[in-house]
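Asker: one predicted model, sequence on top.
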2 protein chains.
Amino acid sequence: MSRWAPDARERLETAALGLFVANGYEETTVAQIADRAGLNRATFFRHFADKREVLFGGEDVLAGLFADAIRAAAPDATLTECLQAAFAATEVAMTPQQRVKAAQRVQVVAANSELQERGLLKHARMARSMAAALHARGADELTARLGAEVGMLAFSIAVERWMAAENDEPFPRHAAAALSDLRVRMAELDSRSRRSA
Amino acid sequence: MSRWAPDARERLETAALGLFVANGYEETTVAQIADRAGLNRATFFRHFADKREVLFGGEDVLAGLFADAIRAAAPDATLTECLQAAFAATEVAMTPQQRVKAAQRVQVVAANSELQERGLLKHARMARSMAAALHARGADELTARLGAEVGMLAFSIAVERWMAAENDEPFPRHAAAALSDLRVRMAELDSRSRRSA
């Protein structure tokens, strides 16, 4: 077993998701994951705190990318432009390889209510990180929280579209489109006769 | 022990929250809760599926109230008006007595990450129920999801203000004010020079 594989994280992820889908999340052990990846348990724990982190480690990376991009946006950028900058920064994490795994992740999480709750916690943390970064730029607390909720909704919609798409359109494009779709709909919250629509 | 106390639920809730705060959530047993309320375990389980439901049972009630009020709103009501109708309907659940307990609930949940995750799941279910009711009125899926997220953010802000308030202003008023504060801030998502604000 190679303890020094440069692609160890990638291999462990692929092995884990394959086992979760085939045998169930609860039933899969770290030893089995390491074995399937041709690595040992110690290597697994060098890359992931636990089994659950294989499913959710990416969220912490994304929260960091969001916050950094928002902080680095032009001083006169609007909040919407800050969100667009945050989405543009995700390309490094939301790669075509990750897109293949995303469907497996969703399948595994959907089958386990404890994992769903953990996913919501990560989602809430991403929103908080986004809100804090927007607030640090001068947005008042309510505006920052609103921007973060709208941003996270755009992100969720973009993930759904990215996974369902039949082409390899980069994730940031899906996210930008979802955000601008939501901007249009904000005006509709006060329009009448929705029923005749 | 009276098995037939009309205020049993109320008494069990008060006993449970008092014990959770004093001794910790994990450390408190259903037997202790029933004992403190002067009731028996069977009565507890007639009112709550488990200990956790003492903390989160209200969320299911609210989700139902929201959905019913949105469905019953005037046919030409805007989505914002539908949300206002949903908030108005919460008065029966968000009573002054519940306000006293809300602070205890928040304290107990904040101390336990598993409970935080459960709270997020309930929050997500309330949002889904709201979105489904808005969608059923004719709003397209994205508009319904946006309306529900904005509605849930207004709800969260209103709960914070309701708990912090030094008067007994009814919850629906806090919620209506929070929603209109958010409507104002939507316009700000596209305004420049936030930093000079």
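Answerer: The structure has been received and is ready for your questions. Numbering: from 1, shown residues only, chains lettered A, B, ... in the order given.
Asker: please enumerate the helices of chain A.
Answerer: Remark: helices assigned in chain A by DSSP state H are A:8-23, A:30-37, A:41-47, A:51-72, A:79-88, A:96-110, A:113-136, A:141-164, A:171-188.
Asker: deepest of those helices, which one?
Answerer: helix A:79-88 (a mean of 23; mean count of other CB atoms under 10 Å in any protein chain shown). C-beta: built from backbone N, CA, C; applies to glycine.
Asker: that helix and chain B in contact?
Answerer: Yes. With CB under 8 Å from any CB of the partner chain as the measure, helix A:79-88 is seen reaching chain B through A:79-80.
Asker: extract the C-alpha trace of that helix and format it as CSV.
Answerer: Output of helix A:79-88 as CSV, limited to C-alpha atoms (Å, rounded to 0.1, in the frame of the first residue of the first chain):
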residue,chain,number,x,y,z
LEU,A,79,-24.0,42.7,-3.4
THR,A,80,-25.2,40.9,-6.4
GLU,A,81,-21.8,41.3,-8.0
CYS,A,82,-20.2,40.0,-4.8
LEU,A,83,-22.3,36.9,-5.1
GLN,A,84,-21.3,36.5,-8.7
ALA,A,85,-17.6,36.8,-7.7
ALA,A,86,-18.3,34.1,-5.1
PHE,A,87,-19.8,31.8,-7.7
ALA,A,88,-16.9,32.4,-10.1
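Asker: what angle sits between that helix and helix A:171-188?
Answerer: 150 degrees (axes from the mean of the first three to the mean of the last three CA atoms, to 10 degrees).
Asker: now helix A:79-88 against helix A:113-136, angle please.
Answerer: 130 degrees.
Asker: state the mean pLDDT of helix A:79-88.
Answerer: Averaged over helix A:79-88, pLDDT sits at 96.
Asker: please compute how far that helix lies from its chain's middle.
Answerer: Its chain's C-alpha centre and that of helix A:79-88 lie 15 Å apart, by CA atoms, centre = their mean, to the nearest Å.
Asker: what does it rub up against?
Answerer: Contact partners of helix A:79-88, identified using CB atoms under 8 Å, 6 or more residues apart in numbering or on different chains, comprise A:65-66, A:69-70, A:72-74, A:77, A:130, A:133-134, A:137, A:139, A:143, A:147, A:150-151, A:154-155, A:158, A:171-172, A:175-176, A:179, A:183, B:188-190, B:194.
Asker: so is stretch A:158-170 next to chain B?
Answerer: No. Counting by CB under 8 Å from any CB, chain B has no neighbours in stretch A:158-170; the shortest distance is 10.5 Å.
Asker: need the contact list for the most centrally placed residue in chain A.
Answerer: Taking CA atoms, centre = their mean as the criterion, residue A:59 is the residue nearest the geometric centre of chain A, at 4.8 Å. By CB under 8 Å, 6+ apart, residue A:59 lies in contact with A:119, A:122-123, A:125-126.
Asker: try it again with 7 Å
Answerer: Residue A:59 sits next to A:122, A:126 when contact means CB atoms under 7 Å, 6 or more residues apart in numbering or on different chains.
Asker: likewise the one 4 residues further on?
Answerer: The contact partners of residue A:63, by CB under 7 Å, 6+ apart, come to A:125-126, A:129.
Asker: with residue A:155 instead?
Answerer: By CB under 7 Å, 6+ apart, the contact set of residue A:155 is residue A:175.
Asker: from residue B:134, how far out is it?
Answerer: 21 Å (CB to CB, to the nearest Å).
Asker: what's the answer for residue A:29, then?
Answerer: From residue A:29 across to residue B:134, the span is 44 Å (CB to CB).
Asker: please apply the same query to residue A:63.
Answerer: Residue A:63 sits 29 Å away from residue B:134, going by CB to CB.
Asker: can you check residue A:135 too?
Answerer: 29 Å.
Asker: with residue A:161 instead?
Answerer: In terms of CB to CB, residue A:161 sits 21 Å off from residue B:134.
Asker: go on, residue A:83?
Answerer: Distance from residue A:83 to residue B:134, by CB to CB: 23 Å.
Asker: how about residue A:33?
Answerer: Using CB to CB, residue A:33 is found at 42 Å from residue B:134.
Asker: can you check residue A:180 too?
Answerer: Note on residue A:180: its distance to residue B:134, by CB to CB, is 21 Å.
Asker: next: residue A:30.
Answerer: Counting by CB to CB, the separation of residue A:30 from residue B:134 is 43 Å.
Asker: show the average pLDDT along stretch A:184-194.
Answerer: Stretch A:184-194 carries an average pLDDT of 81.
Asker: kindly export stretch A:162-172 (C-alpha atoms) in PDB.
Answerer: This file holds the C-alpha atoms of stretch A:162-172, laid out as PDB (Å, rounded to 0.1, in the frame of the first residue of the first chain):
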ATOM      1  CA  TRP A 162     -25.500  21.400 -13.100                       C
ATOM      2  CA  MET A 163     -26.200  17.800 -12.100                       C
ATOM      3  CA  ALA A 164     -29.100  17.500 -14.500                       C
ATOM      4  CA  ALA A 165     -27.400  19.100 -17.400                       C
ATOM      5  CA  GLU A 166     -26.500  17.000 -20.400                       C
ATOM      6  CA  ASN A 167     -23.400  19.100 -21.200                       C
ATOM      7  CA  ASP A 168     -20.300  20.200 -19.300                       C
ATOM      8  CA  GLU A 169     -21.300  23.800 -18.800                       C
ATOM      9  CA  PRO A 170     -19.100  25.100 -16.000                       C
ATOM     10  CA  PHE A 171     -20.800  25.500 -12.600                       C
ATOM     11  CA  PRO A 172     -20.200  29.200 -12.300                       C
END
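Asker: mind checking the pLDDT average for it?
Answerer: Averaged across stretch A:162-172, the pLDDT comes to 92.
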